[in-house]
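Enquirer: Output the structure for:
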Amino acid sequence: MQTESTKNTDMFNVTNESCPYHNWTSVARDRCSNPVEFHCLTDEYGRIGWVCNEPVWVEMDMCPVFNVGAKKLDTTSCLQTRCPLHSYRSNDIDVEYACRYSMDKESLSPTTPFTTKATDTNKHNIGLIVALTMVTLITITIVVAGIILYKCRRQPNRNDGSRDEESIDLMQGTPIETTNRAQRPKNVFDKAKNFLTKEGMVVITGVQGSGKTFLAKSLVDDLYMDGNIKKSSVICSLSELYFGASDKIDIYIIDDIFYELQLYEKFKETLEALNEFLDRAEKTPVIITIPSYTWVCNENEFDNKFYKVHVDLDEREESEKLTMLNTLKTKYDVSSEQTEKVIGLQNDLLVTSHTCIGFPAFVSWIFKQTSIEKMKKCLNHPLKMMSEEIFTMKKAETVEERGKFLVLSYICLRDGRIDLKNVDKKLLHSLKERYAPEFEDEDLSKYCESMVGYYLLTDENGFFEFDLNIMKKIVFVSLANDCTAFVKKHCKHDYVKYVINKKDVCPRNVEDYYTECFTKV
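Expert: Residues are numbered from 1 along each chain as shown. Alright, predicted model coming up:
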């Protein structure tokens, strides 16, 4: 392979390695100025290599190939089984086996499913390859038989009350087969659960929308299902933290006590209170969520007990991202037409990362867009697009649109949830005066239901709440920009998380990490 200093990114770089399917994103960023253009494929001579090139569309039953003579991407017929069943982009890493390339370490030749020009050397080596293949198959058969026999002898009693190993992974949403468990890399859920069960604590970091709270709740749900806990408690404020631990609680979720706009003095006070709480909690399991911005800016303040149980949701494997794409596609009941659009952007989604929004929220918002133009805009500026949509709704001429903003504002100021049987009429009427005087109170239920699947969802109690917590932040900031005094009066707890005084020293680089989700007054 060419060295970093001599590689030619716009030409075909022959390599003696398999394509980097397991760390595609990091390799793409390292080799191409635009990671979306990274390709790993074969040339017309069957050699594996990489190139930075604008992706092209490849038809079904075809595979991409780099034409060295013409110096461009081309396609060739797929001559094997498991060929692609639909059109796809040339740099799509989630295609069928026939269009993926790995290196045979014995002969250092690519195990490609097709070549456009066979060499004499390959013909002479066919007998050797067949012989090696037969020996390998016999060896694998013996090993597998031995493993099966060993497992049969040590299989535990099925009446011991333990859960079936073929369980549902809460983060991936797919069955985990026992035979694949040792082979697959641990995802963030497995890693977090391992820390929680062995160390009694896990620290989950990630940018807004990365799924910190979701992962924490999933871990608790899993422990409930196992029968390991009966009562949990969520701590979301400094005052609750000072209240201390109780021996009647089986597990604590400490969520949202740190936030991006937290000034250093307040951060230190919160961290000290957390350490005191952990000392008092002793052996009670604890799940702690911390924003990435807070974690990075104060990395020297957290001691080793936090680092040794740390799970970073901003560092997900490509395989886990792909699974999340499929899970979210099912959740939002994405149409076949929408699916085709997403397939065209799939590689862009996998290599695109934002410091201000996590992968789950980012993809969820992509799935809500109806046109390819909006999807592409969302790829580059997701939070700006959300903010513009809320602003347009607030300033709309029709009462229907302004009524939606009114309802979202009410939910935002009521801690992100609305119970239609217990509505704060005073707050609702205050919002009506400001944004939609024509709004009819009896239409509140209709407005809520119309926004389910896009802005809202319903919980197990029938309450309406934000589908994406990041949207709550954007609505809050939009309200605060209109009248900070009104917002502070009705929501003192969240006010300090989204509004900062200009006279205060603003946390460094907060505009990059927290864009569109705070305002200065």
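
Enquirer: what's stretch 329-339 in contact with?
Expert: Stretch 329-339 is touched from outside by 173, 342, 364, 367-368, 370, 453, with contacts defined as C-beta atoms under 8 Å, 6 or more residues apart in numbering. In short, each C-beta sits where N, CA and C put it, glycine included.

Enquirer: Just the buried ones among the residues you listed, please.
Expert: The neighbour count (16 or more other C-beta atoms under 10 Å) marks 342, 364, 367-368 as buried among the contacts of stretch 329-339.

Enquirer: so, if you compare those residues, which one comes nearest to residue 433?
Expert: residue 368 (30.5 Å; C-beta to C-beta).

Enquirer: Next, that closest one: phi, psi?
Expert: For residue 368, the backbone dihedrals (degrees, to the nearest 10) come out as phi -80, psi -10.

Enquirer: Isn't it up against residue 454?
Expert: Yes. Between residue 368 and residue 454 there is a contact under C-beta atoms under 8 Å: 5.7 Å.

Enquirer: How about the contacts made by residue 244?
Expert: Per C-beta under 8 Å, 6+ apart, neighbours of residue 244: 277, 280.

Enquirer: Can you read off the pLDDT for it?
Expert: At residue 244, the model reports a pLDDT of 81.

Enquirer: again with the one 3 residues further on
Expert: If you check residue 247, the pLDDT there is 86.

Enquirer: Grab the nearest non-local neighbour of it.
Expert: residue 284 (7.9 Å; C-beta to C-beta, 6 or more residues apart in numbering).

Enquirer: what do you get for residue 310?
Expert: Leaving aside its sequence neighbours, residue 310 sits nearest to residue 203 (C-beta to C-beta, 6+ apart; 5.0 Å).

Enquirer: So which elements touch the helix or strand where that neighbour lies?
Expert: For residue 203, the element it lies in under DSSP states H and E is strand 201-206. Packing partners of strand 201-206 (3 or more C-beta pairs under 8 Å, 6 or more residues apart in numbering; DSSP states H and E): helix 188-199, helix 212-226, strand 286-291, helix 292-297, helix 304-307, strand 310-312.

Enquirer: So which of the contacts of stretch 329-339 is the closest to residue 501?
Expert: For the contacts of stretch 329-339, the nearest to residue 501 is residue 364 (32.7 Å; C-beta to C-beta).

Enquirer: so who does the closest one touch?
Expert: Counting by C-beta under 8 Å, 6+ apart, residue 364 touches 328, 332, 467-468.

Enquirer: Residues in contact with stretch 390-397: which ones?
Expert: 401-402, 404-405, 408, 435, 471, 474-475, 478.

Enquirer: How about that stretch, which residues are buried there?
Expert: Within stretch 390-397, the residues scored as buried using 16+ other C-beta under 10 Å are 390, 393-394, 396.

Enquirer: Restricted to helices, list those.
Expert: 390, 393-394 (DSSP state H).

Enquirer: From those residues, pick the one nearest residue 32.
Expert: Closest to residue 32, out of all of these and judged by C-beta to C-beta, is residue 390, at 35.0 Å.

Enquirer: What pLDDT does the model give the closest one?
Expert: Residue 390 is given a pLDDT of 97.

Enquirer: Equivalent analysis for residue 130, please.
Expert: 52.

Enquirer: likewise residue 497?
Expert: Looking at residue 497, its pLDDT is 80.

Enquirer: I'd like to know how many residues surround it.
Expert: 18 (other C-beta atoms under 10 Å).

Enquirer: do you know how far it is from residue 257?
Expert: Remark: distance between residue 497 and residue 257 (C-beta to C-beta, to the nearest Å) = 11 Å.
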